[in-house]
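Trainee: Pasting the sequence and the predicted model now:
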Amino acid sequence: MINKIDINKGKWHNRILIATPATGLVRMEWVHARYSQIIPTNWSQVELTQWINSYVPMQYLLPDAENLIAKVAIEGDFEWVLSIEQDNVLPKNAFFKINEYMKEKKVPIVSGLYFTKSNPPEPILYRGRGNGAFEDWKLDDKVWVDGIPFGFTLMHTSILKALWDESPEYEINGQITRRVFDLPDKNWGSPEEGYGAIRGTTDLAWCTRIMENNIFEKAGWKEYKNKKYPFLVDTTINIGHIDNNGRVFPLGGIPNKYLKK
């Protein structure tokens, strides 16, 4: 009998890409939470780093990093993308929770719950624009909204692909990608008529574009086409929001008004 290594030369099942745009500085609490996850059984693993295929664009502007992530997800034919930002501390069962959504394949975009780094804190989930946070929910609810953050968000790659197909190309650091994500940053006006400006975040702009450009239907999720609030926030996935001093928000835990009696 000859001992040898039997290498599978077939195509890997690229089930999920875990992506973290980062400045290069993370807290130990983040590292411990990220790499201490409970891993579901029969979880598709590509061991480029620890456990699963991870992509970490570092020292890019945020929309450029996110567009490079989109490029990797599409060219690698990944089924799902999970965005984990560098200041979001995960509960140990976070991967276990999102695995259920990946198995069911009923919801294309799911976010965990986290709060602003402020005191008092505000939940980062929205219904409408310019009207503040949506607060009519209780912990452990599954909340439908029209605006979510990217701190811990699972998205089906078909959504990114539909956006990619109608996004313009551009070059960043010698790499050609497309503007799937963009940062609202516009100025206009004149001395005669006055001046104006629009500032925003890539996540809310992305959510708005999906709804306005009929991306759900183009991506094959027709049942979400006419939903007023098509994005799901699963508040059972309770994410900490950590600053560089090690303070995890919301300070003192979830505010009482969001707790069930």
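Mentor: Ah, there it is. Numbering: from 1, shown residues only.
Trainee: Skip ahead from the helix or strand hosting R209 and say which helix or strand is next.
Mentor: Using DSSP states H and E, R209 maps to helix 202-212. Next in sequence after helix 202-212, counting helices and strands by DSSP H and E, comes helix 215-218.
Trainee: So for the following helix or strand past that next one, what gets flagged as buried?
Mentor: Toward the C-terminus, helix 215-218 is succeeded by strand 231-238 as the next helix or strand (DSSP H and E). Of the residues in strand 231-238, 231-235, 237-238 count as buried by neighbour count, 16 or more other C-beta atoms under 10 Å. Every residue, glycine included, has its C-beta placed from N, CA and C.
Trainee: I figured N119 hits R247, correct?
Mentor: No - in this structure, N119 is not within contact of R247 by C-beta atoms under 8 Å, at 9.3 Å.
Trainee: Burial check on the nearest residue to L259 once chain neighbours are set aside, number of neighbours?
Mentor: Nearest residue to L259, sequence neighbours excluded (C-beta to C-beta, 6 or more residues apart in numbering): L139, at 5.6 Å. Using other C-beta atoms under 10 Å, L139 is surrounded by 13 other residues.
Trainee: Give me the secondary structure label for L139.
Mentor: Of the three states, L139 takes coil under DSSP: H, G, I helix; E, B strand; the rest coil.
Trainee: wait, what's in contact with it?
Mentor: L139 makes contacts with 113, 235-236, 238, 254, 258-260, as judged by C-beta atoms under 8 Å, 6 or more residues apart in numbering.
Trainee: can you give me the strands for the stretch 101-250 of the chain?
Mentor: Assigned by DSSP state E, counting those that start in this stretch, the strands in the stretch 101-250 of the chain fall at 109-113, 142-145, 152-156, 169-172, 175-178, 185-190, 194-199, 231-238, 240-242, 248-249.
Trainee: Need the pLDDT of P191.
Mentor: Note for P191: predicted pLDDT of 66.
Trainee: Alpha carbons of the helix ranked longest in the chain, as CSV, please.
Mentor: If you go by DSSP state H, the chain has its longest helix at helix 62-75. Provided in CSV are the C-alpha atoms of helix 62-75 (Å, rounded to 0.1, in the frame of the first residue of the first chain):
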residue,chain,number,x,y,z
LEU,A,62,-14.4,52.6,3.0
PRO,A,63,-16.3,52.5,-0.3
ASP,A,64,-13.1,51.3,-2.1
ALA,A,65,-12.6,48.5,0.4
GLU,A,66,-16.2,47.5,0.0
ASN,A,67,-16.0,47.5,-3.8
LEU,A,68,-12.9,45.3,-3.6
ILE,A,69,-14.8,42.9,-1.4
ALA,A,70,-17.6,42.9,-4.0
LYS,A,71,-15.1,42.0,-6.7
VAL,A,72,-13.6,39.1,-4.7
ALA,A,73,-17.1,37.8,-3.9
ILE,A,74,-18.3,37.8,-7.5
GLU,A,75,-15.1,36.6,-9.1
